[in-house]
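**Q** Predicted model follows, preceded by the sequence.
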Amino acid sequence: MAEAGVPDMAKAQNWWAIFGPAGLPADIKAKMNAAINAALKDPEFATLIEKSGATPSPGTVEQSVEALRQEVVEVDKLAKTIKE
């Protein structure tokens, strides 16, 4: 992509997340987050994720929301670079 004039393409990342509907109760978010974190910490599952080229990253709901916000900013910058 750098050769095509998009030098910062390496900043764009692929990542997975699980989303729920707007207004999902906090207790359900917490239960889902705990279950997902437990799965990501399981060595067998973590190895499977790593084999796909991803890095398991357990965390909080708030961390996921912030990561998504940051990704939107980066992708917006990249899109503007490509458009120019």
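**A** That came through, no problem. Source: prediction; values computed, not measured.

**Q** When you work out contacts or count neighbours from here on, use the C-alpha atoms and nothing else.
**A** Fine.

**Q** Look up how far Thr60 lies from Lys31.
**A** Applying Cα to Cα, to the nearest Å, the value for Lys31 to Thr60 is 11 Å.

**Q** Also Ala4?
**A** Ala4 is 37 Å from Thr60, by Cα to Cα.

**Q** if you count what's nearby, which of those two comes out ahead?
**A** Here Ala4 and Thr60 are set side by side on neighbour count (other Cα atoms under 10 Å), and the busier one is Thr60, at 14 against 7.

**Q** For the more buried one, list the residues it contacts.
**A** Asn33 (Cα atoms under 8 Å, 6 or more residues apart in numbering).

**Q** and with 10 Å instead?
**A** Counting by Cα atoms under 10 Å, 6 or more residues apart in numbering, Thr60 makes contact with Lys29, Ala30, Asn33, Ala34, Asn37, Glu66.

**Q** To which secondary structure element is the fourth one assigned?
**A** Using DSSP states H and E, Ala34 sits in helix 26-41.

**Q** all helices of this protein, in order?
**A** 26-41, 43-51, 61-83 (DSSP state H).

**Q** Kindly reformat these as JSON lines containing mean pLDDT and distance to Asn14.
**A** Converted to JSON lines, the helices of the chain look like this (pLDDT from 0 to 100; distance: least, Cα to Cα, whole Å):
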{"stretch": "helix 26-41", "mean pLDDT": "95", "distance to Asn14": "17"}
{"stretch": "helix 43-51", "mean pLDDT": "93", "distance to Asn14": "13"}
{"stretch": "helix 61-83", "mean pLDDT": "85", "distance to Asn14": "10"}
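
**Q** give the contact list for the closest residue in space to Val61 that isn't next to it in sequence.
**A** Excluding its sequence neighbours, the residue lying closest to Val61 (Cα to Cα, 6 or more residues apart in numbering) is Asn33, at 6.8 Å. Asn33 sits next to Ile18, Asp27, Ala39, Pro58, Gly59, Thr60, Val61 when contact means Cα under 10 Å, 6+ apart.

**Q** out of these, who's nearest Val75?
**A** Closest approach between the contacts of Asn33 and Val75, by Cα to Cα: Ile18, at 19.6 Å.

**Q** number of nearby residues for the closest one?
**A** 8.
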